[in-house]
Structures are given as C-alpha cells and as structure tokens.
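Colleague: The following comprises the amino acid sequence and a computationally predicted model.
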Amino acid sequence: MAAAEKSMSSLGRMLAVLDLFDDTHLTRTADDISAQLEVSLPTGYRYVRLLLEAGLLQRVEDSHYALGPRIIVLDHYIKKADPVLREGIPVMRELVAATGFDCVVSGLFGHQVLDTHREMGSTPPALAYGRGRPRPLFQGAAPKVLLSTFTSPQLRKLFDARQKEAVKSGLPGEWSEFRRHFAAIRKAGHYVSIGELEPQLAAIAAPILKHDGGAWAALSLVFDTSRLAIVDIDKLVSLITEAAGRIGGRLA
C-alpha cells in the first residue's frame, strides 16, 4: 500500500511538470523544472526523460523543453468528445450567419474559464484569448454568466477565496452585494460586457443550462465596440439566449 501511494505521489509530481508552462514560461530547462518542483536533479531529469518518451514534452533548443506533440493529438480527441461542441457548433454557425459576428463557447473547469471553440464572423476581431488560454475569472460576459449559475454556497466559497481578485476586477467587495450582482445576471439570463476584457471588444453571453440549474458552458457573440452604435442589442440578446436554450435542450 505504501509503495503504491509513493508511486502515485511520484506520478503526480511528474505530471505537475506540465503545469509549469504558461505564457511567460513557454520553455523550461531540466534544472529549472527540478527547482520549481523542489526535487533532486536526477529526479527532475528522470521526469523530463519519461515525459519526452510519452510525447508530452519535446526538446526545442539549448537544453530547453516545451510541451510536446502528444498534447495536440489529445486536444483533437478532447474536441471530438465534447458534447457541447458536438451539439453547439451547428447552432454557432447559424448565429454567425445571422449576425456576421464571432460566436464563442466557453467552459468553466474548476475555477478556470477556457474558450473551447470559436466560429469566426465576416470581420473577425483579434482576440487575446482563445482555445486553451485561461481567461480572467471575473472579467467579460462569459465568466459572468457562468458564475451566475453557481448556488449561493458555491458563490460564497469563491468569494471568500478570491475576494481581492474580484474587487480588482470591479466587482463588489461585500458578500451581499456580490451575491446580488450575480443574482441579477441569473435573473436576466444574459450579460452584456463592453470593453471589460479587451477595450475594443463587446460581448453578449448566455449560459447553456443543465437541468439542475448549473451550466454546461457559456455562448457568446463577440464584436468590435465600434459596432455598438448600429447594432440592435435587444435582438442580439434574443438570438444568443434562444441559441443557448436550443443547445441546452439538445444536451438534455
């Protein structure tokens, strides 16, 4: 039993190597990996070797390592297995055809918001975020509608853990006001953000709801703020909420 637990602990530390890569650390050396995980150099090099053999790391240059090609293959299968994308992409394409705007689906994984798919419109804007790049938890339309589906205990736990981050993002610092903010979004069934995440972008999002009141994902229409003067926001809200409802119905 002890040997099995030790093995699982070692596996966990080895897989933690993959979490060391982000936008500011696209490559790492074996020495750096060892230091970050607080393991010995031989152990760190062993982790790197095993991950190289599995294709989860690749050597790029000057003894630096990056995430490997196996992850690309795995991402292909993740997308094919995603029921939200299977049912949602045809509806997203209809939205794009009807509006000319980009349509994005985003999911909440733990407390990490990720865009999982984007259908581009007639003049697609440049987005700083896309599939695989974690988004800020409290900024933008998609995260707001996802958090609005939390139960009160779930929301309180998040508030207690991330209060400073929430306030920095412009949300209320008092629990009662924080709860009311998301209750209003839940009641409305959508959220319109203007320049929250990126100053030149507006987005309208609605949750793709489960039967239990939680959310499968968020569906958003994204467009340049310069279009605000000529678009019918109420019409876009109607389109996005109807589309999210259809996808949710198909998933049920």
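Modeller: Great, that's in hand. Numbering: from 1, shown residues only.
Colleague: in the helix or strand hosting L239, what counts as buried?
Modeller: Following DSSP states H and E, the helix or strand that holds L239 is helix 233-251. By neighbour count on 16 or more other C-beta atoms under 10 Å, the buried set for helix 233-251 is 236-237, 239-241, 243-248, 251. All C-beta spots, glycine's among them, are computed from the backbone N, C-alpha and C.
Colleague: Mind giving me the packing neighbours of it?
Modeller: helix 83-99, strand 201-209, strand 215-224 (3 or more C-beta pairs under 8 Å, 6 or more residues apart in numbering; DSSP states H and E).
Colleague: Would you reformat the ones you listed as TSV and include mean neighbour count?
Modeller: TSV is the format used below for the helices and strands packed on helix 233-251 (neighbours: other C-beta atoms under 10 Å):
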stretch	mean neighbour count
helix 83-99	18
strand 201-209	26
strand 215-224	26
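Colleague: mind checking which of those is nearest L114?
Modeller: Judged by C-beta to C-beta, the one of the helices and strands packed on helix 233-251 that comes nearest to L114 is strand 215-224, at 9.7 Å.
Colleague: Show me what that closest one is packed up against.
Modeller: Of the remaining helices and strands, those touching strand 215-224 by 3+ C-beta pairs under 8 Å, 6+ apart are helix 83-99, strand 102-109, helix 141-147, strand 201-209, helix 233-251.
Colleague: Out of the ones you listed, the one nearest F182 is which?
Modeller: Nearest of those to F182, taken as C-beta to C-beta: helix 141-147 at 5.7 Å.
Colleague: what would the helices and strands packed on helix 233-251 look like in TSV with distance to A161 and mean pLDDT?
Modeller: Formatted as TSV, the helices and strands packed on helix 233-251 follow (distance: least, C-beta to C-beta, whole Å; pLDDT from 0 to 100):
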stretch	distance to A161	mean pLDDT
helix 83-99	26	96
strand 201-209	22	97
strand 215-224	19	96
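Colleague: okay, these in CSV with distance to V192 next?
Modeller: Converted to CSV, these look like this (distance: least, C-beta to C-beta, whole Å):
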stretch, distance to V192
helix 83-99, 14
strand 201-209, 5
strand 215-224, 10
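Colleague: Just tell me which of these ends up closest to A30.
Modeller: A30 sits nearest to helix 83-99 of all the helices and strands packed on helix 233-251, at 36.3 Å, using C-beta to C-beta.
Colleague: So, low pLDDT: which residues of the protein?
Modeller: Residue ranges of the chain with pLDDT under 70: 1-8.
Colleague: what's the domain layout of it?
Modeller: 2-72, 82-251 (automatic domain parsing).
Colleague: which of those domains is buried the deepest?
Modeller: Each of the domains of the chain was assessed for mean neighbour count using mean count of other C-beta atoms under 10 Å. The highest is domain 82-251, with a mean of 18.
Colleague: so S169 makes contact with G140?
Modeller: No: applying C-beta atoms under 8 Å as the test, S169 and G140 come out as separate, 9.5 Å apart.
Colleague: rewinding a little: for the helix holding L239, output the C-alpha coordinates as PDB.
Modeller: The C-alpha atoms that make up helix 233-251 are tabulated as PDB, following Å, rounded to 0.1, in the frame of the first residue of the first chain:
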ATOM      1  CA  ILE A 233     -28.600  44.800 -28.600                       C
ATOM      2  CA  ASP A 234     -32.100  43.500 -27.700                       C
ATOM      3  CA  LYS A 235     -32.200  41.500 -30.900                       C
ATOM      4  CA  LEU A 236     -28.700  40.000 -30.300                       C
ATOM      5  CA  VAL A 237     -29.800  39.100 -26.700                       C
ATOM      6  CA  SER A 238     -32.800  37.300 -28.100                       C
ATOM      7  CA  LEU A 239     -30.700  35.400 -30.600                       C
ATOM      8  CA  ILE A 240     -28.000  34.400 -28.100                       C
ATOM      9  CA  THR A 241     -30.400  33.300 -25.400                       C
ATOM     10  CA  GLU A 242     -32.500  31.300 -27.900                       C
ATOM     11  CA  ALA A 243     -29.400  29.600 -29.300                       C
ATOM     12  CA  ALA A 244     -28.100  28.800 -25.800                       C
ATOM     13  CA  GLY A 245     -31.500  27.300 -24.900                       C
ATOM     14  CA  ARG A 246     -31.500  25.200 -28.000                       C
ATOM     15  CA  ILE A 247     -28.100  23.800 -27.300                       C
ATOM     16  CA  GLY A 248     -29.100  23.100 -23.700                       C
ATOM     17  CA  GLY A 249     -32.200  21.300 -24.900                       C
ATOM     18  CA  ARG A 250     -30.200  19.100 -27.200                       C
ATOM     19  CA  LEU A 251     -27.700  18.200 -24.500                       C
END
